[in-house]
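Asks: can't give you the sequence, but here's the structure:
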Ligand code: UT7
């Protein structure tokens, strides 16, 4: 019997209309376009505006685009995995809220918090469901309303993050395409350097937690940067080596978009030319688990069936990892429709 592989068969996305650029940020905090571009590489980020809207509203829009382009019906979906660090509510899972908003009723759903590595963790999890035969059509939705946990008076973090949602469809195939290998890691030693202090069971919301600004992202940039540079590059090189690939075999590196300098260091260690690296951090900033699928969505038309793609991430936890996949379809097939 042939092995069942898990393959991404379409990508959808949603980015809110409102653009917060460096110029506007420089009127809010003591920063400059020059500092942000040199140290991070971000020009603008999209922000979800509107009372009562959350990550689920963006996630639902991304799935609607996916349905429109593929013709897949909500009733065909048997699992929704939502990766997010900004769920609509502590419970129930945002996956269930998104599924309800999209009319998905014939399966189950759950949230997965891998922070910036959420897409990799989610893709690996979906792959196991597909390879085992348990599920046939999975949507991995990555929905991040980072603006809801950013302190717009803190120049060290408010310039970094943006809002977005993406949705990928994952299906079984007997062809030799799809997810080939994954290396996933986490180590809680890093939690002190990047986290949100309040709002969980240790410090539930109170006047004190609000007064002490404990419901915002807390990041010590330098230790996160140092670990990101070494660990993201290490796993990317490891996955190349154990699959006997060199830089010529790789069509694309799709790195998490946290800092242009981290991306550059990873590409350099892999000996990859700049042209093979997907980079859109300039226009979206760091959208946490949505950065990698947002790249796949933007580059979709250029992707060819069988392309060797390495995706890599590093984020809060610490969490990090790398996945090697053979792309499943010629991306221009949706352009022709
Ligand atoms: O996706 C999740 C994982 N996160 C990451 O991968 C982020 C990793 N870290 C980074 O990307 C970088 O550390 C940052 C972009 C966050 C910061 O860049 P940096 O080169 O490490 O700067 P720094 O923290 O060492 O700060 C250098 C200086 C400081 O001033 P002093 O103390 O030298 O006077 C900061 O206060 O830059 C100052 N600074 C700023 N200046 C203007 C910090 N933020 C800003 C700002 N505008 N927005």
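Replies: Right, received. Where do you want to start? This is a predicted model, so every value here is computed, not measured.
Asks: ok, which stretches of the stretch 51-200 of the chain are strands?
Replies: 79-83, 108-112, 138-145, 163-173, 178-186, 194-196 (DSSP state E, counting those that start in this stretch).
Asks: number of residues surrounding the residue of the stretch 101-250 of the chain found nearest the ligand?
Replies: Residue of the stretch 101-250 of the chain nearest the ligand, by C-beta to the nearest ligand atom: residue 221 (2.7 Å). All C-beta atoms are positioned from the backbone trio N, CA, C, and that covers glycine. Using other C-beta atoms under 10 Å, the number of residues around residue 221 comes to 15.
Asks: ok, now which ones touch it?
Replies: residue 156 (C-beta atoms under 8 Å, 6 or more residues apart in numbering).
Asks: any idea how far residue 262 is from it?
Replies: 11 Å (C-beta to C-beta, to the nearest Å).
Asks: coming back round to it: backbone phi and psi for the residue of the stretch 101-250 of the chain closest to the ligand, please?
Replies: Main-chain dihedrals, residue 221, degrees, to the nearest 10: phi -60, psi -40.
Asks: and it, what pLDDT?
Replies: We have a pLDDT of 96 for residue 221.
Asks: please identify the most buried of the strands of the stretch 51-200 of the chain.
Replies: Ranked by average neighbour count under the criterion mean count of other C-beta atoms under 10 Å, the strands of the stretch 51-200 of the chain are headed by strand 138-145 at a mean of 31.
Asks: picking that back up, could you point out which of the strands of the stretch 51-200 of the chain sits nearest residue 43?
Replies: strand 163-173 (15.3 Å; C-beta to C-beta).
Asks: in a helix, residue 301, correct?
Replies: Yes. Assignment of residue 301 by DSSP: H, G, I helix; E, B strand; the rest coil places it within a helix.
Asks: that one: what's it in contact with?
Replies: 331-332, 334-335.
Asks: one more: residue 277?
Replies: Residue 277 neighbours (C-beta under 8 Å, 6+ apart): 252-253, 255, 263, 267.
Asks: if we can go back for a sec, turn the strands of the stretch 51-200 of the chain into TSV, including mean pLDDT and distance to the ligand.
Replies: TSV is the format used below for these (pLDDT from 0 to 100; distance: least, C-beta to the nearest ligand atom, whole Å):
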stretch	mean pLDDT	distance to the ligand
strand 79-83	98	13
strand 108-112	98	16
strand 138-145	98	11
strand 163-173	98	13
strand 178-186	98	13
strand 194-196	97	6
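Asks: what parts of the stretch 1-150 of the chain come near the ligand?
Replies: 31, 35-36, 39-40, 116 (C-beta under 6 Å from any ligand atom).
Asks: distance of the closest residue to the ligand within the stretch 1-150 of the chain from residue 73?
Replies: Taking C-beta to the nearest ligand atom as the measure, the stretch 1-150 of the chain has residue 31 as its residue closest to the ligand, at 3.3 Å. Separation of residue 31 from residue 73 (C-beta to C-beta): 47 Å.
Asks: more neighbours: which of these two?
Replies: Using other C-beta under 10 Å, the more surrounded residue of residue 31 and residue 73 is residue 31, with 17 against 12.
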